[in-house]
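>>> pasting the structure only:
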């Protein structure tokens, strides 16, 4: 799925061919964002977490920019989101983040993840973020394929790093370095 990126007050927005628009995440999106997060956790392939935090905890742990949602133009319903957390409070790591992306189950496989992650990458580079990283379960092949298609590379495997529902799980560590020179 393709999208046309525009500039709107310094913030990327994009209209997707399937009647969706990417815009900055708002606190009014909290209920739907957290519901999508929980739906992803319920698959058992998204995270070691099993329950989503409160909106206050979620909001406090994520950067305010870039943080996007894909919304259905007709209904305003959130179809997916992407956000990131700083990896450290130390100034030397100010340009390194760990991101998360979640798509409504019925909307997976329609290019929403690609559009959200592409907008996130572009905005991250503009914001001076030079490394985006993520940990993905090897079994989450759709997420791995998406990330690798957008320039993420596997930098290692954390073997049996944690137990999830009683099973030891590996996590593939991915990163994407900024393509912007001087960053």
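Okay, I see it. Owing to the predicted nature of the structure, the values given are computational and were not obtained by experimental measurement. Numbering: from 1, shown residues only.
>>> OK, contacts around the closest residue in space to residue 86 that isn't next to it in sequence?
The shortest distance from residue 86 to any non-neighbouring residue, by C-beta to C-beta, 6 or more residues apart in numbering, is to residue 97 (5.9 Å). Bear in mind the C-beta positions are built from the backbone N, C-alpha and C, glycine included. Residues near residue 97 by C-beta atoms under 8 Å, 6 or more residues apart in numbering: 63, 84, 85, 86, 87, 124, 129, 131, 132, 133.
>>> mind giving me the PyMOL select for these, buried ones only?
Selection of buried members from the contacts of residue 97 for PyMOL, criterion 16 or more other C-beta atoms under 10 Å:
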select buried, resi 84+86+124+129+131+132+133
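>>> okay if I get the contacts of residue 97 as TSV plus distance to residue 161?
Formatted as TSV, these follow (distance: C-beta to C-beta, whole Å):
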residue	distance to residue 161
63	24
84	20
85	18
86	21
87	16
124	25
129	25
131	20
132	20
133	15
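>>> what pLDDT does residue 148 get?
The confidence metric pLDDT takes the value 97 at residue 148.
>>> no wait, residue 171
95.
>>> mind listing the residues bridging to the residue nearest to residue 86?
residue 86, residue 132 (DSSP bridges).
>>> begin at 26 from now on, thanks
Will do, 26 is the new start, and the previous item becomes residue 122.
>>> secondary structure element for residue 167?
helix 166-174 (DSSP states H and E).
>>> buried set for that helix?
168, 169, 171, 172.
>>> before we move on, what about stretch 52-66?
Neighbour counts over stretch 52-66 (16+ other C-beta under 10 Å) mark 54, 55, 57, 58, 59, 61, 62, 64, 65, 66 as buried.
>>> phi, psi of residue 114?
Backbone torsions for residue 114, taken as degrees, to the nearest 10, come to phi -80, psi -10.
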